[in-house]
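Student: take a look and give me a structure for this.
(one chain, ligands or ions: 1)
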Amino acid sequence: MENMESEVMNVMPVKRKDGTYAVRLCLHQGLFNRAAMQTVQEVMDTFGLTDLRVTTGQRLNLEGVPADKIDSVLESLGNQVEKCPPGISVCAGGALCKYGKQETREITDRLLAVLKSNAPYPFKVKSGVSGCAMACGLSFVRDLGLVGGAKGWTVLYGGSARHRAAPGLTLAKGASADEALDLIEKGLAYYKENGKKGERLGMMVRRLGSEAVLDALT
Ligand code: SF4
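Tutor: A predicted model of the protein is given here:
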């Protein structure tokens, strides 16, 4: 596994209803290493903080930071950012998991680069990368999904885990990493062109209809 011991964490303040703050640790691919743990432990001891919460997006929130201490806590933890990089849920993948058909970490980094280079979008784009069809990376219900198979990647588009939950449209099966990422880039351009401001990708697909979207992208 990649050695991330020397990396400085990006941290983002999140205001809470009760006037306190959470500090979001923008973990890269859900990895939390020894150096980061030590830093967080020291900050929690110094500022008397007790709760660290795992988020659904594979990040960590340090909760209950009083407003008058937020600046000092942020400074002690790492680099303050306005927003964490786009959320990608990624499973352990074929390098670690016995069920994995494809390795997930490298393609996730490449997907993140594609997402960053094509931004901004009408609304947030969440992605999921899974090394097999068990889809522990939530690939079927993310805006963009990749699922590893024996012959390559299944590419999913416009999934949603919200109140009208639905899996994404299948744009390709057995695609190489390059083909999958090219298709995703095409899908992002389509979203930028056709999505309304504030409209999630899955809602756009429902408004336009699966047939029209598939015709345009495949
Ligand atoms: S999706 Fe498959 S490869 Fe990934 S952690 Fe789950 S079982 Fe393992």
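Student: select the longest helix from the chain.
Tutor: In the chain, assigned by DSSP state H, the helix with the most residues is helix 177-194.
Student: next structured bit after it?
Tutor: helix 201-208 (DSSP states H and E).
Student: now that following helix: average pLDDT?
Tutor: Per-residue pLDDT values across helix 201-208 average out to 96.
Student: next one: that helix to chain centre, how far?
Tutor: Helix 201-208 sits 20 Å away from the centroid of its parent chain (CA atoms, centre = their mean, to the nearest Å).
Student: tell me which residues in the longest helix of the chain are buried?
Tutor: 177, 180-181, 183-184, 187-188, 190-191, 194 (16 or more other CB atoms under 10 Å). Every C-beta, even on glycine, is put in place using the N, C-alpha and C of the backbone.
Student: again, but for stretch 205-214
Tutor: Across stretch 205-214, burial judged by 16+ other CB under 10 Å covers 205, 213.
Student: quote the end-to-end distance of it.
Tutor: 9 Å (CA to CA, to the nearest Å).
Student: now swap in stretch 38-56 and tell me
Tutor: 23 Å.
Student: ok, stretch 51-61 next?
Tutor: The straight-line separation of the ends of stretch 51-61 (CA to CA) is 8 Å.
Student: and that stretch, average pLDDT?
Tutor: 93.
Student: residue 37: what secondary structure?
Tutor: Classification of residue 37 using DSSP: H, G, I helix; E, B strand; the rest coil returns helix.
Student: number of residues surrounding it?
Tutor: A count of neighbours around residue 37, defined by other CB atoms under 10 Å, yields 11.
Student: and the gap between it and residue 164?
Tutor: Per CB to CB, to the nearest Å, residue 37 is found 39 Å from residue 164.
Student: can you check residue 7 too?
Tutor: For residue 7, the distance to residue 164 (CB to CB) stands at 38 Å.
Student: again with residue 52
Tutor: Distance from residue 52 to residue 164, counting by CB to CB: 32 Å.
Student: show me what contacts residue 86?
Tutor: Contacts of residue 86 were listed using CB atoms under 8 Å, 6 or more residues apart in numbering, and they are 112, 115-116, 119, 124-127.
Student: what subset of these is buried?
Tutor: 112, 115, 125-127.
Student: so which of those are in strands?
Tutor: residue 127 (DSSP state E).
Student: which of the buried ones among the contacts of residue 86 sit farthest apart?
Tutor: 112 and 126 (12.0 Å; CB to CB).
Student: okay, helices next: where are they in the chain?
Tutor: Along the chain, counting by DSSP H, helices occupy 34-47, 70-77, 105-118, 177-194, 201-208, 210-217.
Student: got the ones you listed as TSV, with distance to residue 134 columns?
Tutor: TSV is the format used below for the helices of the chain (distance: least, CB to CB, whole Å):
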stretch	distance to residue 134
helix 34-47	28
helix 70-77	34
helix 105-118	17
helix 177-194	18
helix 201-208	21
helix 210-217	24
